[in-house]
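*Asks:* sharing a model that was predicted from the sequence below.
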Amino acid sequence: MDDNQRDLLLKESDRFPPPQGVRLSYGTAGFREDASVLLSTMYRVGILAALRALKTGKLIGLMITASHNKVSDNGVKVADPSGGMLTQDWEPFANALANASSSEDLVQLIIEFAEKENILLDGSKSAQVLVARDTRPSGEVLLDAAKHGIASIIGVVAHDLGILTTPQLHWMVHVRNKGLKGSELDYFHELSSSFRCLLNSKPNNSELKLKDWDNQLVVDGANGVGGQKLEILKEMLNGLAIEIRNSGKGEGVLNEGVGADFVQKEKIVPLGIGSQDVGIRCASFDGDADRLVYFTVPSESSNRINLVDGDKILSLFAIFIKEQLTILAARTKATKIDFQPTLGVVQTAYANGASTQYLKELGLEVVFTPTGVKYLHEKAADYDIGIYFEANGHGTILFSDNCISVLQPLCWELSDVSAGSESHKAALRLLAVTRLINQAVGDALSGLLLVEAILQHRNWSIHKWSELYQDLPSRQLKVKVVDRTAVETSNAETEVVKPPGLQEAINSEIAKYPQGRCFIRPSGTEDVIRVYAEASTQEAADDLATSVAKLVDQFLGVGSSN
Ligand SMILES: CC(=O)N[C@H]1[C@@H](OP(=O)(O)O)O[C@H](CO)[C@@H](O)[C@@H]1O
Ligand SMILES: [Mg+2]
């Protein structure tokens, strides 16, 4: 590191002293805390993103959001050149940077890490970091601190894209690094044009069917950025009557009684949706619009909803992809091009047991990873077509470069030999999906359009979709404990290895319930231990979750559960 660089870092980092007594950790989705303690973290993650940009020689993304957390929280995560999450190899360095207690320590860490990673810190190279934020009021000041961090590494500049959804930023990093155009308008064009393509390639006999599908859709924007962006996208779509609630323009508070996390965890009607919506297809986004769940309000007299969660979205996508592959498999035998992509599905322990069974019965390969998109995404990339979803509605479909490079010529060939045939349409549909579905990360906007296109394609109502399988009753609870890091797990987070004895106690509880399944893990985004329970009745699932929450309390000290 040359002297100019060192002086700049020392001077700038003194402006962003770390908070006292806060230990930060790059968790499930980056750093998250109360916004008031995050200035120095933002500054330091700015440095991290700048170093990553120098190391890779590519565009890097930095997103300021705390997603589904309450409005007073905020957070930051880094997008790698692929548009995916920051490589896990760099997480220990991220933690060390965020927790360095003085500017001198910080500079020393940077010197050592840059040496290890062969990053030259002499200003000889230039690089860029794309930065964006969600609608949280703390975002602007925090973004400014992150920009200072980026500018503290000589040669690296920040390009501020303003307010975006998390998946928009990831998408922009992904496409721009491929040398393609990646403005917000390009994003909307890509989504709307591929959606149109899908609708134009509906099955040849679709007009003959009874009309189960209807074009009315109500979307709960969680009072966040997703509703605002959907307002723009909606103008570019035909054939859908989308009504947006909780768009963030009114009185409502971000994620408070609204949004995908609330809807999925509480299973009750969000604010802004009411008796006028009984029976209508409704969807909820989370605060930064990377999660999507659907639901209906079954009756005016109760606030319960019928939830159609990420597992059912995954199942819908899997059926559709499999159907197109089956059509193509029959046809490709008669073409020169061999197209037999591997197809895999990735879930976490939070996936409803009934969904896993259903997917396996479809003949699909289902694998499990720990919670967090970074793990699911990595696993899904092992397949030519990998579909991953968390039950909470975060997921996408990944197509390998190889798969896309075979699909395109196959589509041309089928257009030559049998234009307009089902097999030609199947290839067109798959190609449209590769453009519609965000290849960088789960995306509520693009996921919504794919769900809508498939329901239209199959002429399905949300009720028909929901009946694919019956969810096993489940319950999730959070338990506040003195130190959540005291819990360590293994086997895709389904077994507690620390503290000793806790897993055995959980097992004895599970044994009391038919079809009982239960696990606990420390949250990576909130200061709680999460408890998940499943059983044959709702009462049993509730009881199992409550008794395990009590065990957590007993083993891990005084706290309160909700
Ligand atoms: C049970 C649950 O929904 N956990 C969520 C939540 O992580 P936790 O580590 O459980 O707090 O936020 C993550 C980021 O959005 C998401 O990936 C994950 O699925
Ligand atoms: Mg989110």
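*Replies:* Done, it's in. Ligands and ions are numbered 1, 2, ... in the order given.

*Asks:* how about the helices in the stretch 401-550 of the chain?
*Replies:* Along the stretch 401-550 of the chain, the stretches classed as helices by DSSP state H, counting those that start in this stretch are 401-418, 422-436, 444-458, 462-466, 502-510, 538-556.

*Asks:* list the buried residues for the fourth one?
*Replies:* In other words, helix 462-466. Of the residues in helix 462-466, those buried under the neighbour-count criterion (16 or more other C-beta atoms under 10 Å) are 462, 465, 466. From N, CA and C alone the C-beta is placed, and that goes for glycine too.

*Asks:* nearest spatial neighbour of the last one, chain-adjacent residues omitted?
*Replies:* Pointing back at residue 466 there. Nearest non-adjacent residue to residue 466, counting by C-beta to C-beta, 6 or more residues apart in numbering: residue 308, 5.1 Å away.

*Asks:* residues contacting the one you found?
*Replies:* 293, 294, 295, 296, 462, 465, 466 (C-beta atoms under 8 Å, 6 or more residues apart in numbering).

*Asks:* pLDDT wise, what is the nearest residue to the third one once chain neighbours are set aside at?
*Replies:* Read it as residue 295. With C-beta to C-beta, 6+ apart as the measure, residue 305 is the residue that lies nearest to residue 295, at 4.3 Å, once sequence neighbours are left out. On the pLDDT scale, residue 305 is placed at 96.

*Asks:* how close does residue 305 sit to residue 172?
*Replies:* Between residue 305 and residue 172 the distance is 34 Å, computed by C-beta to C-beta, to the nearest Å.

*Asks:* which one's more surrounded, these two?
*Replies:* More crowded of residue 305 and residue 172, by other C-beta atoms under 10 Å: residue 172, with 27 against 22.

*Asks:* for the more buried one, give its distance to ligand 2.
*Replies:* In this view, residue 172 and ligand 2 are 17 Å apart by C-beta to the ion, to the nearest Å.

*Asks:* nearest spatial neighbour of that residue, chain-adjacent residues omitted?
*Replies:* On the basis of C-beta to C-beta, 6+ apart, the spatially nearest residue to residue 172 that is not a chain neighbour turns out to be residue 182, at 4.3 Å.

*Asks:* can you pull the contacts of that neighbour?
*Replies:* 171, 172, 173, 174, 175, 176.

*Asks:* let's go with 6 Å and repeat that
*Replies:* Taking C-beta atoms under 6 Å, 6 or more residues apart in numbering as the criterion, residue 182 is in contact with 172, 175, 176.

*Asks:* report the angle between the axes of the one helix or strand the last one maps to and helix 444-458?
*Replies:* Per DSSP states H and E, residue 176 falls inside helix 166-177. Put simply, helix 166-177 runs at 90 degrees to helix 444-458, going by axes from the mean of the first three to the mean of the last three C-alpha atoms, to 10 degrees.

*Asks:* with pLDDT added, can I get the buried residues of helix 462-466 in JSON lines?
*Replies:* Putting the buried residues of helix 462-466 into JSON lines (pLDDT from 0 to 100) gives the following:
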{"residue": "462", "pLDDT": "96"}
{"residue": "465", "pLDDT": "97"}
{"residue": "466", "pLDDT": "97"}
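
*Asks:* what is the nearest of the residues you listed to residue 391?
*Replies:* When the buried residues of helix 462-466 are ranked by distance to residue 391 (C-beta to C-beta), residue 466 comes first, at 14.7 Å.

*Asks:* for that closest one, give its distance to residue 259.
*Replies:* Summarising the geometry, the distance separating residue 466 from residue 259, computed by C-beta to C-beta, is 20 Å.

*Asks:* do residue 247 as well
*Replies:* In this view, residue 247 and residue 259 are 12 Å apart by C-beta to C-beta.

*Asks:* what about those two, which has more around it?
*Replies:* Comparing residue 247 with residue 259 by other C-beta under 10 Å, the one with more neighbours is residue 259, at 30 against 21.

*Asks:* find the nearest non-adjacent residue to the residue in the stretch 1-150 of the chain that ligand 2 sits nearest to, please.
*Replies:* Distances between the stretch 1-150 of the chain and ligand 2 by C-beta to the ion are smallest at residue 67, namely 3.1 Å. What sits nearest to residue 67 in space, not counting adjacent residues and going by C-beta to C-beta, 6+ apart, is residue 288, at 4.8 Å.
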